[in-house]
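A.B. asks: how would this look folded up:
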Amino acid sequence: MRFVLAMPVLVFLWIAPALADLYRWVDPQTGTVKFSSYPPPWFNDPAQQGRAPKVEVIAPSRMAPAFSTETEGEPAPKAAERSVGRDALLKQVSQRVATMASSPPEAMSQSFAELSESLQQLERMDRQQKPSNPADESARLEEKAKLAAPLELRRSALLQQISAQAPPPPGSPSERIESAWAATQRSLAALGFIDGAIIAMDPRKTNSRHFEMNALIDKVVAQWEPYVDPNIVRKNRGR
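C.D. replies: Model (predicted):
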């Protein structure tokens, strides 16, 4: 028995340095969240959109470290103001990291967006501190990397969870198969957001997490191959 299940094979794009838009919608039949680098057939089709699920376009600009720089000519804050403002931002980042680390999968997108906003503000403030030197940049990077510790813990828990979410044995009821797949999909999506946030705070991990996610996706695809549309499997292996 094969199911045309939407494989989230492109979840790893959350951690890529150069991204295309991602499309997110809720399958009305299963209630599961779908991610794809291609829009669904009804997207931008007025004849179908009225009765079809709403599609969220997730632009690459929402993904750090592509932070926007300060506006040219914007006055730099005074040293005392910078110190107070930066301390407050660091506290906000820490709080939003904690929130994201404890968020359920369905709230992960919002938590990621809020954390990214704080990180962008922090990046702009740091860039206003001129002149800068390599030692200062290194210290700031380590500072943010340490703040990401709760996300690393959540990442480890998600990896264990995904490893334990093996497909049901052949011949299982379709409801059981679809439920197990939905759980795996939610975990993979959550992991993609977690990795995106970690890399936003420590870009040095971009390449390693990219390859780790690819390997994990390959493993999941291989496990679920008996139940998945073969065209999707071929597409994933040929990327």
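
A.B. asks: so what's the closest residue to residue 165 other than its chain neighbours up against?
C.D. replies: Leaving aside its chain neighbours, residue 165 sits nearest to residue 184 (4.6 Å; criterion: C-beta to C-beta, 6 or more residues apart in numbering). From N, CA and C alone the C-beta is placed, and that goes for glycine too. By C-beta atoms under 8 Å, 6 or more residues apart in numbering, the contact list for residue 184 reads 162, 165, 220, 224.

A.B. asks: right, and the helix or strand after the one helix or strand residue 184 maps to?
C.D. replies: Using DSSP states H and E, residue 184 sits within helix 174-201. Sequence order places helix 206-224 as the next helix or strand after helix 174-201, per DSSP H and E.

A.B. asks: Pull out the buried positions in that next one.
C.D. replies: 206, 209, 210, 212, 213, 216, 217, 220, 221, 224 (16 or more other C-beta atoms under 10 Å).

A.B. asks: now stretch 124-133
C.D. replies: Quick answer for stretch 124-133 (16+ other C-beta under 10 Å): 124, 125, 126.

A.B. asks: any idea how far the most centrally placed residue in the chain is from residue 183?
C.D. replies: Nearest to the mean C-alpha position of the chain, by C-alpha atoms, centre = their mean, lies residue 193 at 2.3 Å. The spacing between residue 193 and residue 183, counted by C-beta to C-beta, to the nearest Å, is 16 Å.

A.B. asks: mind checking which helix or strand of the protein has the lowest mean pLDDT?
C.D. replies: When the helices and strands of the chain are scored by mean pLDDT, DSSP states H and E, helix 230-237 comes last with a mean of 49.

A.B. asks: I figured residue 186 was touching residue 105, is that so?
C.D. replies: Yes. Using C-beta atoms under 8 Å, residue 186 is in contact with residue 105, at 4.2 Å.

A.B. asks: quick one, which of the two is more surrounded?
C.D. replies: residue 186 (20 against 17; other C-beta atoms under 10 Å).

A.B. asks: From residue 92, how far off is the more buried one?
C.D. replies: The separation that residue 186 has from residue 92, given C-beta to C-beta, amounts to 27 Å.

A.B. asks: ditto for residue 223
C.D. replies: 40 Å.

A.B. asks: and the nearest residue to residue 166 once chain neighbours are set aside, how far is that from residue 103?
C.D. replies: Closest residue to residue 166 apart from its sequence neighbours, by C-beta to C-beta, 6+ apart: residue 223 at 6.2 Å. Plainly put, residue 223 is 26 Å away from residue 103 if you go by C-beta to C-beta.

A.B. asks: Let me see the ranges of the helices in the protein.
C.D. replies: 46-49, 79-101, 108-128, 134-147, 149-164, 174-201, 206-224, 230-237 (DSSP state H).
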